[in-house]
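# Sequence and computational prediction follow.
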Amino acid sequence: MKLLKERILRDGKCLEGGILKVDNFINHQMDPLLMKAMADEFVKRFAGDKIDKIMTIEASGIAPAIMVGYLFNLPVIFAKKRVPSTMEDCFKTKVISFTKGREYDICVSREYLNKGDRILFIDDFLANGNAAKGIIDIIEQAEAELVGMGFLIEKSFQQGHDYLSSRGVRVESLARIASLSDCKIEFVL
Ligand code: 5GP
């Protein structure tokens with residue numbers, strides 16, 4: 001998506017270890033017009049699919065997911081990164097955090113994810129695909145169905161895309177980064 005790629009080149013910053021910082025428009029300060037344009041693009045790409053619910057993981061997936069949910073007029077569920085004491089009955093799994101380098105639990109209440117629900121997962125980044133793996137596990141536990149996964153930014157030099165494709169998951173990424181070596185942002189052509 002041209003608009004997003006231009007914004008990444010303008011305002012994105014490379015950090016050590018292949019991390020792209022997009023705090024200027026996605027992860028801290030948010031640009032609602034860009035968010036809407038990105039959600040429009042997901043709606044275009046998934047327009048022909050039957051979807052019942054949008055899913056994401058807190059916190060940074062919530063903004064794009066709610067835009068997509070709004071445009072599709074569908075509910076949005078976010079997986080929680082801590083199991084709240086008030087939530088007894090939930091689907092739970094462990095996820096390795098790419099940015100924090102540790103494992104954490106995610107959970108989704110059984111009240112909001114039902115057998116047969118057709119799910120579109122939306123998140124900000126696809127790196128090694130650990131968050132996506134956790135979501136697939138939860139969807140399988142619920143006997144729901146995964147329609148596809150949409151990411152704002154995919155770091156194609158990491159394993160996530162290939163892993164998901166090998167599992168037959170449909171992946172739609174709006175900007176695909178081929179390399180962040182020497183702090184130079186290069187996109188997949
Ligand atoms: P994965 O689970 O695919 O390994 O990593 C995806 C998650 O890690 C995303 O939800 C995102 O929060 C975070 N992440 C991974 N790589 C980056 C990055 O380069 N920049 C930022 N800001 N977040 C990242």
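Good, I have the coordinates.
# Close to the ligand: what parts of the protein are there?
Contacts of the chain with the ligand, taken as C-beta under 6 Å from any ligand atom, map to 19-22, 27, 60, 98-99, 123-132, 155, 160. C-betas here are computed from N, CA, C, even on glycine.
# List buried residues within these.
20, 22, 27, 60, 98, 123-127, 129-132, 155, 160 (16 or more other C-beta atoms under 10 Å).
# Can you list the buried residues in whichever helix in the chain runs longest?
For the chain, the helix with the greatest residue count under DSSP state H is helix 32-45. Buried residues in helix 32-45, defined by neighbour count with 16+ other C-beta under 10 Å: 34, 35, 37, 38, 39, 41, 42.
# Let me know the pLDDT of residue 101.
Residue 101 carries a pLDDT value of 81.
# Show me what the residue nearest the centre of the chain bridges to in the sheet.
Nearest residue to the geometric centre of the chain (C-alpha atoms, centre = their mean): residue 123, 1.5 Å. Counting by DSSP bridges, residue 123 is bridged to residue 151.
# circling back to that earlier point, in helices only, show me the residues of the chain next to the ligand.
Using DSSP H, the subset of the residues of the chain next to the ligand located in helices is 130, 131, 132, 160.
# separation between the third one and residue 158?
In other words, residue 132. Distance, residue 132 to residue 158, using C-beta to C-beta, to the nearest Å: 12 Å.
# got the contact list for the residue nearest to the centre of the chain?
For residue 123, the contacting residues are 56, 57, 60, 61, 64, 65, 131, 132, 149, 150, 151, 152, by C-beta atoms under 8 Å, 6 or more residues apart in numbering.
# and if you look at residue 141?
91, 93.
# Ramachandran angles for it?
Dihedral angles phi and psi of residue 141 (degrees, to the nearest 10) take the values phi -60, psi -40.
# what does the one 3 residues further on give?
Note on residue 144: its backbone torsions stand at phi -90, psi -180 [degrees, to the nearest 10].
# who's in contact with residue 47?
Residues in contact with residue 47 (C-beta under 8 Å, 6+ apart): none are found.
# Ramachandran coordinates for it?
Torsion angles, degrees, to the nearest 10, at residue 47: phi -60, psi -30.
# Look up how far the ligand lies from it.
25 Å (C-beta to the nearest ligand atom, to the nearest Å).
# What of residue 67?
For residue 67 relative to the ligand (C-beta to the nearest ligand atom), the value is 16 Å.
# Which helix or strand contains that residue?
Assigned by DSSP states H and E, residue 67 belongs to helix 62-72.
# swap in residue 88?
For residue 88, there is no enclosing helix or strand under DSSP H and E.
# contacting residues for it?
By C-beta under 8 Å, 6+ apart, residue 88 has no neighbours at all.
# how about a cut-off of 10 Å?
For residue 88, the contacting residues are 109, 110, by C-beta atoms under 10 Å, 6 or more residues apart in numbering.
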